[in-house]
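Asks: fold the stuff below for me.
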Amino acid sequence: MSRGKRYEEPKLNLKKVFAVILAIVVIIMSVFIIRGVFSRESQNGGITSKTYFAVYQDNKWGVIDENGDIVIDPSYEEMIIIPDNKTDIFLCTYDVNYDTGEYSTKALNSQNKEIFTDYSKIEAIPNHDKNQNLWYEDNVLKVEKDGKWGTIDNTGKQLLPIEYDSIQALEGVENALLVEKDGKYGIADDTGRTLVDTTYAEITNLGKTNRDGYIVKDDTGLYGIVDNANNVILQNQYQEIQKVSGNNLYVVTQDGTQKVVNANGEDVLTQGFERIAGILKTEGQGVIFVSDGKYGVMALDGQVLIEAQYDNLVEAKANVFIATRGDTQGIVDINNAENVPFNYTSISYNETADIYIAEDENLNSNIMNNQFQIQQTGILIELNTDSGYFELRQGDEYKYYNFRFEERDVKDVLTNNTLFLAKQDNQYGYVDKQGNVVVEYTYDDATEQNAYGFAAVKKDGKWGVINNKGEVVQEPIYNLDDYLIIDFIGKWHFGRDVNMNYYCQEDIN
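Replies: The predicted structure is shown next:
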């Protein structure tokens, strides 16, 4: 699903990953799957058949399209923001005064025409996930006029009236905007609908979505909970409320004591722990508790199901826990039986695929089924729940599997590709869907085509790019050894800072 402009993350530069393995936390890179959309023109910018990217050249910022053609000439000092790369709305910041914090903004379309000119400022609404990856709220922009803020959609239609002192995303929660008016806070969604009235001194999210409700603080400094329809769940009578909930149970602090209460404010669990770290997925079953710095599991009647003995404990699915012991992780069940030994640096569970990914210190992953049986082993390159497959590097080969762990031919996975990576005599080339050689085996390294038809190729330590016909777009001239991502749009290669998501023609060594 689209969440505004998300980072597209092509294949990892594995040599660089190995070089920095001791310095970084392993990140599973994924490819953003491009969905087809209907072409539609709009006076104020709109959905088109093209995709747009920020570019950096000669210390200036501009915009290119999916063919690598320049749309906005690189001429701006500040990075141009593209909230949705399928929409030709480009937000430019200029006349920045770093001493006073003052700045000006404008919006351009793909004809380099200024749009949304009725406002003194127009900005995207940034948000971050738990790993601090940046994205933008979908189909909504905030606009300023006469010192007040409101929101519009990508066609210029007003969503929220221009009457707020500030508007920002509620961090980590999609489709939830924290709005401020006269020193009070409320919540609105991206469509302009009010979820929580602007009556509170402070608001934060309770869970991961805007359906989970909100922790609200009143003028007395006490906390309560409201849902996304402004209904009171818990009255404002607590000194603190944790972002821990489930099955209509909440973790609160009252009179200096932490406890678990239900939606009626009635005590459910009040002793036997230092704090509560989680509510179990099965209704009425229990909680994850902490005692003496260790994690365990306790039933709601106070019976200890798993003694507090782990350095961390996370419920992956009902009655299955990813446990941490020192620097290693394993999997235990509700009876504390060890299902997966503590041999891994990290373990994760993908609910959609119903598989476990257990990774060791060398980036090798064991991919397990829901019975904890190892089905495949290799370096995980991509887990694509939209198309139902994962990609592993096994030895010198890249292989694809569905979630039944059946190997799939790359031609059946990357169905829009015209060329496919092939290897012969330790050199890389490309073949078509019939297996005919289109690009001879002359490259030392290479990638599959990206969503726009470009494939990166390496020769004599330098990277270049070919198009979907196998024609050379850029001879290998770029030294990208320090780059985590190797990807090209035309002659433009992905930038060094993956968090900025831009392309450039710099760093020729």
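Asks: which residues of this protein fall in helices?
Replies: Under the criterion DSSP state H, the chain contains helices at 14-19, 410-413.
Asks: lowest average confidence across these, which one?
Replies: Ranked on mean pLDDT, the bottom entry among these is helix 14-19, at a mean of 46.
Asks: now do the contacts for Glu406.
Replies: By Cβ atoms under 8 Å, 6 or more residues apart in numbering, Glu406 lies in contact with nothing. In short, each C-beta sits where N, CA and C put it, glycine included.
Asks: in terms of pLDDT, where does it sit?
Replies: pLDDT, Glu406: 97.
Asks: distance of it from Asp412?
Replies: Separation of Glu406 from Asp412 (Cβ to Cβ, to the nearest Å): 11 Å.
Asks: partners of the residue nearest to Phe273 when sequence neighbours are not counted in the sheet?
Replies: Leaving aside its sequence neighbours, Phe273 sits nearest to Phe289 (Cβ to Cβ, 6 or more residues apart in numbering; 3.8 Å). In this entry, Phe289 is beta-bridged to Ile276, Gly296, by DSSP bridges.
Asks: tell me how far Phe289 lies from Gln254.
Replies: Note on Phe289: its distance to Gln254, by Cβ to Cβ, is 18 Å.
Asks: again, but for Gln434
Replies: From Gln434 across to Gln254, the span is 71 Å (Cβ to Cβ).
Asks: for those two, indicate the residue with more neighbours.
Replies: Taking neighbours as other Cβ atoms under 10 Å, Gln434 and Gln254 compare with Gln254 leading, 18 against 6.
Asks: check contacts around Gly302.
Replies: If you count contacts by Cβ under 8 Å, 6+ apart, then Gly302 has 269, 271-272 around it.
Asks: and if you look at Arg408?
Replies: 389, 400-402 are the contacts of Arg408 under Cβ under 8 Å, 6+ apart.
Asks: ok, now with 6 Å
Replies: Arg408 makes contact with 400, 402, according to Cβ atoms under 6 Å, 6 or more residues apart in numbering.
Asks: what are the bridge partners for Gln258, then?
Replies: Going by DSSP bridges, Gln258 is paired in beta bridges with Thr253.
Asks: now it: how far from Thr385?
Replies: Distance, Gln258 to Thr385, by Cβ to Cβ: 36 Å.
Asks: what do you get for Leu480?
Replies: Look at Leu480 and Thr385: by Cβ to Cβ, they are 29 Å apart.
Asks: quick one: which of those two has more around it?
Replies: The neighbour count for Leu480 versus Thr385, taken as other Cβ under 10 Å, is higher for Leu480 (23 against 14).
Asks: now the more buried one: closest residue in space, sequence neighbours ignored.
Replies: Nearest non-adjacent residue to Leu480, counting by Cβ to Cβ, 6+ apart: Trp463, 4.9 Å away.
Asks: over to Ile334?
Replies: Going by Cβ to Cβ, 6+ apart, Ile334 has Asn319 as its nearest residue, at 4.1 Å.
Asks: the one you found touches Asn336, doesn't it?
Replies: No - Asn319 is beyond contact range of Asn336, at 11.0 Å (criterion: Cβ atoms under 6 Å).
Asks: and the contacts of stretch 202-212?
Replies: For stretch 202-212, the surrounding residues in contact (Cβ under 6 Å, 6+ apart) are 170, 173, 175-176, 185, 213-217, 228, 243, 245.
Asks: that one: which residues count as buried?
Replies: Neighbour counts over stretch 202-212 (16 or more other Cβ atoms under 10 Å) mark 203-207, 210, 212 as buried.
Asks: between those, which sits nearest Ala451?
Replies: Asn210 (29.6 Å; Cβ to Cβ).
Asks: now do the same for that closest one: its pLDDT.
Replies: Model confidence at Asn210, given as pLDDT, is 90.
Asks: for the stretch 401-509 of the chain, which segments count as strands?
Replies: 407-408, 420-424, 427-431, 437-443, 445-446, 455-459, 462-466, 472-478, 488-489, 492-494, 503-504 (DSSP state E, counting those that start in this stretch).
Asks: ok, which of the ones you listed comes nearest Ala308?
Replies: Of all the strands of the stretch 401-509 of the chain, it is strand 407-408 that lies closest to Ala308, at 43.0 Å by Cβ to Cβ.
Asks: number of nearby residues for Gln303?
Replies: For Gln303, using other Cβ under 10 Å, the count is 10.
Asks: quick one: contacts for it?
Replies: Per Cβ under 6 Å, 6+ apart, neighbours of Gln303: none.
Asks: do you know the pLDDT at it?
Replies: Reading off the confidence values, Gln303 has pLDDT 97.
Asks: what do you get for Tyr356?
Replies: You'll see Tyr356 listed with a pLDDT of 98.
Asks: so what's it bridging to?
Replies: Applying DSSP bridges, one finds that Tyr356 bridges with Tyr349, Met368.
Asks: okay, now the sheet partners of the longest strand anywhere in the chain, with direction.
Replies: If you go by DSSP state E, the chain has its longest strand at strand 374-384. Looking at strand 374-384 with DSSP bridges, its partner strands are strand 365-368 (antiparallel), strand 389-394 (antiparallel).
Asks: ok, and what's touching the first one?
Replies: Right, the one you point to is strand 365-368. 355-359, 374-377, 380.
Asks: show me the shaky parts of the chain.
Replies: 1-48, 507-509 (pLDDT under 70).
Asks: could you chop it up by domain?
Replies: The record's domain split for the chain, according to automatic domain parsing, is 1-35+415-509, 208-271.
Asks: will you turn those into TSV that also has distance to Asp197?
Replies: Formatted as TSV, the domains of the chain follow (distance: least, Cβ to Cβ, whole Å):
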stretch	distance to Asp197
domain 1-35+415-509	26
domain 208-271	6
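Asks: looking at the ones you listed, spot the one closest to Ile122.
Replies: Checking these against Ile122 by Cβ to Cβ gives domain 1-35+415-509 as the closest, at 14.9 Å.
Asks: buried sites along stretch 401-418?
Replies: For stretch 401-418, by 16+ other Cβ under 10 Å, it's 401, 403, 408, 410, 413-414, 417-418.
Asks: returning to that earlier point: of all the strands of the stretch 401-509 of the chain, which one is nearest Asp118?
Replies: Evaluated over the strands of the stretch 401-509 of the chain, closeness to Asp118 peaks at strand 503-504, with 32.1 Å, by Cβ to Cβ.
Asks: what residues does that closest one touch?
Replies: 53, 55-56, 489, 492, 494-495.
Asks: cutoff 8 Å now
Replies: So strand 503-504 is in contact with 53-57, 64, 488-489, 492-495, going by Cβ under 8 Å, 6+ apart.
Asks: name every strand pairing with it and say which way it goes.
Replies: Partners of strand 503-504, by DSSP bridges, with direction: strand 52-57 (parallel), strand 492-494 (antiparallel).
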